[in-house]
Every structure is written in structure tokens, then in C-alpha cells.
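> No sequence on hand, only this structure:
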């Protein structure tokens with residue numbers, strides 16, 4: 001489940017990072033899938049980082065990029081412990097502006113000490129917060145920070161669009177998670193109710209074979225109960241197997 005959430009959030013992040021680029025106004029320089037030349041060099045333990053050729057950045061694989069994202073952005077801000085939607089909002093912010101800044105903005109929005117370390121107090125506050133309101137607060141504060149950067153005139157339009165897209169995706173994840181939680185009890189009951197009834201009938205039939213009288217099942221022959229129970233189980237299994 002944790003891996004699935006990470007992949008889902010990473011997929012959203014990579015929509016905005018794009019492929020290889022080397023924009024002269026971008027302080028990160030050569031970048032591929034959001035991974036800068038300096039970040040990749042440090043990841044590969046190459047020092048000084050300028051010894052890593054730009055061609056290595058261009059040849060970066062998605063698998064290695066995912067490892068870097070998990071180790072340097074997802075894990076440090078403990079996004080895996082956050083509610084659905086909040087994880088994406090914080091993770092994407094961390095990718096753009098660093099885990100420390102993303103964590104501090106999150107903590108400021110939660111009203112806890114903004115030390116950049118997502119610990120028990122921050123996670124407890126997260127559990128009590130409204131995810132939708134928190135996502136909006138983090139995205140609003142992120143935009144305020146971005147507008148104050150000297151490079152905003154160059155990249156501001158793209159950054160603003162990105163934050164808007166991430167906000168929408170994060171809020172959508174909250175809605176999906178809430179809908180799933182509402183449906184889960186009914187789905188679980190519906191999925192297993194038939195098996196419970198059939199199991200009870202099967203046990204009742206076996207009990208009668210062994211000579212145990214069950215007054216509530218008077219009129220139901222042991223053999224019939226067993227056959228009906230098995231028929232229900234296999235019919236249910238067949239319906240599930242044939243479902244699209």
C-alpha cells in the first residue's frame with residue numbers, strides 16, 4: 001500500500017518535471033525528471049559534482065530517479081505517514097523547494113513548532129486536521145514563497161500552474177479516500193455475507209449428521225443443507241470469477 005501511494009504521487013510529480021532540460025536561467029542547471037546534475041552526482045557519490053557529465057543526467061533512468069525521490073524527498077518528510085492528498089501536496093513541495101521547507105510550511109499550517117522535522121507531534125496534528133483545509137493552506141503558502149523568488153518572472157507561470165494542478169489532484173485524492181472509507185463496511189459485508197450464511201448452513205447440516213438437533217433449522221434435512229451450502233459457495237465463486 002505504501003509503495004502504491006508513493007508511485008501514485010511520483011507519477012503526479014513527474015507529470016510536471018518533464019524530460020531533460022538545461023535552461024540557462026534555471027539555477028539547477030542540467031535536469032532530468034526533476035533530478036539536477038548536483039543531486040545526481042551526490043547520489044552517486046561523485047565529488048566534486050561537476051565531474052558528473054551532463055550526459056549522465058540525460059541518461060538517467062526512471063527507476064533510479066524513483067529511488068532518489070523516495071530517499072531524498074518522500075522519506076525525509078514522512079509523506080508515507082500522511083493522509084491521502086496531503087502526502088502529494090507536501091511531497092511535490094519538497095521536490096521543488098526541499099523537504100525542510102515543505103515540512104516547515106506544513107507545520108506552520110498545522111500550528112505546531114516549525115522545526116523542519118516531521119515527528120510524533122506533527123503526525124498527531126495531521127491526524128486531527130481537516131485534509132482539505134490543510135492542502136489548501138500548504139498550497140497557498142507555497143505560492144506565497146514562490147512569488148518571492150527572484151526567478152518567479154521567468155518560471156512563475158509554470159509554477160503557478162503546477163501548484164494548481166497538484167492542489168486539484170491532492171483534493172481529488174482526499175475525496176477518493178473518503179468515498180472508499182464510506183463504501184468499505186458495506187462492501188466487506190456484501191462480499192462475505194453469502195459465505196457466512198453458507199458456512200452456517202454447512203455446519204448445521206454436519207451437526208445434524210452427527211446427531212445434534214438444531215431447532216431453528218427443523219425441516220431442513222442434513223443432506224439438503226450441505227448440498228445447498230456448497231451450491232451457494234460455488235455459485236458465489238463463479239459469479240466473482242465471471243465478473244468484469
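Nice, I can see it. These numbers were taken from a predicted model, which means no experiment stands behind them.
> any chance you could map the strands in this structure?
31-32, 35-36 (DSSP state E).
> Show residues contacting the last one.
It stands for strand 35-36. Residues from elsewhere that reach strand 35-36 (C-beta atoms under 8 Å, 6 or more residues apart in numbering): 28, 29, 30, 43, 57, 60, 65, 68, 69. From N, CA and C alone the C-beta is placed, and that goes for glycine too.
> Put the buried members of the residues you listed into a PyMOL selection.
In PyMOL, a selection of the buried entries from the contacts of strand 35-36 looks like this (16 or more other C-beta atoms under 10 Å):
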select buried, resi 29+30+43+57+60+65+68+69
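> what's the most distant pair in the contacts of strand 35-36?
Farthest pair in these (C-beta to C-beta) is 29 and 69. Separation: 18.6 Å.
> right, so the strands of the chain: which one is the most enclosed?
Highest mean neighbour count of the strands of the chain: strand 31-32, a mean of 24 (counted as mean count of other C-beta atoms under 10 Å).
> Packing partners of that strand?
Applying 3 or more C-beta pairs under 8 Å, 6 or more residues apart in numbering; DSSP states H and E, one finds that strand 31-32 contacts helix 54-58.
> Buried residues, the helix it packs on. List them.
56, 57.
> so where do the helices sit in this structure?
Secondary structure of the chain (DSSP state H): helices at 2-17, 37-43, 54-58, 62-69, 86-97, 99-110, 120-128, 131-147, 152-209, 222-242.
> could I get these as a markdown table with mean pLDDT and distance to residue 79?
Listed next are the helices of the chain as a markdown table, based on pLDDT from 0 to 100; distance: least, C-beta to C-beta, whole Å:
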| stretch | mean pLDDT | distance to residue 79 |
| --- | --- | --- |
| helix 2-17 | 93 | 7 |
| helix 37-43 | 96 | 18 |
| helix 54-58 | 96 | 25 |
| helix 62-69 | 98 | 10 |
| helix 86-97 | 97 | 4 |
| helix 99-110 | 98 | 9 |
| helix 120-128 | 96 | 11 |
| helix 131-147 | 98 | 12 |
| helix 152-209 | 74 | 11 |
| helix 222-242 | 52 | 35 |
